[in-house]
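Chemist: Pasting the sequence and the predicted model now:
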Amino acid sequence: MSEIGVIKKAIARTNSVDIGKAMSLGMKISAGYIALGTAIDTGSKINEHQQVKHQRRADLKALKKQQKDQMNYRKNPRKALSNQLGQMPLDLFNQRIGHTNMGNSKYTR
């Protein structure tokens, strides 16, 4: 090799080393910020995914309970209405005569 080629390579190497050190520090800092931002975003997405998963599970559980209640009502409607049978005549009485509205002017003429 000629002496000129060796000198050019040496100059290029020293310039690139100085620039490389400065760039590597800046790139390390920016890469650290990017990694930190990515970790925070990933954590929030995982949290959102878990919340959606729990909500779906709760909705499915409520739907199954509703279907089970409807099936039990269809199987034995008398048992489902047994608590309401005693209240039914009183409700009819109140609707027909207006027990709560007896002193009301619209019923007295």
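Modeler: Nice, thanks for sending it over.
Chemist: Do a quick rundown of the helices in the protein.
Modeler: Ranges of helices in the chain, per DSSP state H, are 3-75, 77-85, 87-97.
Chemist: worst average pLDDT in those helices?
Modeler: Among the helices of the chain, helix 77-85 has the lowest mean pLDDT, at a mean of 63.
Chemist: What about residue 43, how many residues nearby?
Modeler: Neighbourhood size, residue 43 [other C-beta atoms under 10 Å]: 10. Bear in mind the C-beta positions are built from the backbone N, C-alpha and C, glycine included.
Chemist: Next: residue 44.
Modeler: Residues lying near residue 44 (other C-beta under 10 Å) number 10.
Chemist: Equivalent analysis for residue 89, please.
Modeler: Other residues lying near residue 89 total 9 when counted by other C-beta under 10 Å.
Chemist: can you tell me how far it sits from residue 76?
Modeler: 22 Å (C-beta to C-beta, to the nearest Å).
Chemist: Likewise for residue 91?
Modeler: Distance from residue 91 to residue 76, by C-beta to C-beta: 22 Å.
Chemist: same question, residue 60
Modeler: Residue 60 is 25 Å from residue 76, where distance means C-beta to C-beta.
Chemist: try residue 25
Modeler: Counting by C-beta to C-beta, the gap from residue 25 to residue 76 is 77 Å.
Chemist: Might you report the residue contacts of residue 52?
Modeler: With contact set as C-beta atoms under 8 Å, 6 or more residues apart in numbering, residue 52 has no partners.
Chemist: if I look at it, how far off is residue 44?
Modeler: 13 Å.
Chemist: again with residue 69
Modeler: Residue 69 is 38 Å from residue 44, by C-beta to C-beta.
Chemist: same question, residue 26
Modeler: Taking C-beta to C-beta, one finds residue 26 at 27 Å from residue 44.
Chemist: got it, and residue 75?
Modeler: Per C-beta to C-beta, residue 75 is found 47 Å from residue 44.
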